[in-house]
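# Take a look and give me a structure for this.
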Amino acid sequence: MLCLWFTNGEKRRFDVKPYLEYEIFRQLKDLAMFNTVRPDGLSVEWANEASLCPDTLYIESIPDKNTDK
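Here you go, the predicted structure:
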């Protein structure tokens, strides 16, 4: 799960699990590799060069209702 903050002030959660069966994302099953995630412009990227575009991150994420904006 990724916790994301967007420039509009929203905090959202993105479940990476459905992507783990795609070849480029399989390595993320290793927690050490998953934890290499970092922002890359408007997207996120991992050390193995897997990345997710900002549209996917926003559209497929859900609001985080546990915290305020």
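# Surely residue 12 is within a strand?
Yes. Assessed with DSSP: H, G, I helix; E, B strand; the rest coil, residue 12 lies in a strand.
# show me the contacts for it.
3, 4, 6, 57, 58, 61, 62, 63, 64 (C-beta atoms under 8 Å, 6 or more residues apart in numbering). Heads up, the C-betas are built off the backbone N, CA and C, glycines and all.
# What residues are bridge-paired with it?
residue 4, residue 63 (DSSP bridges).
# Which of the contacts of residue 12 are buried, as a PyMOL select command?
The buried residues among the contacts of residue 12 can be selected in PyMOL (16 or more other C-beta atoms under 10 Å) with this line:
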select buried, resi 4+57+61+64
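# quick one: average pLDDT of stretch 50-60?
The pLDDT scores in stretch 50-60 average 96.
# How about stretch 29-42?
So the average pLDDT for stretch 29-42 ends up being 96.
# Please identify which helix or strand holds residue 39.
Assigned by DSSP states H and E, residue 39 belongs to strand 38-40.
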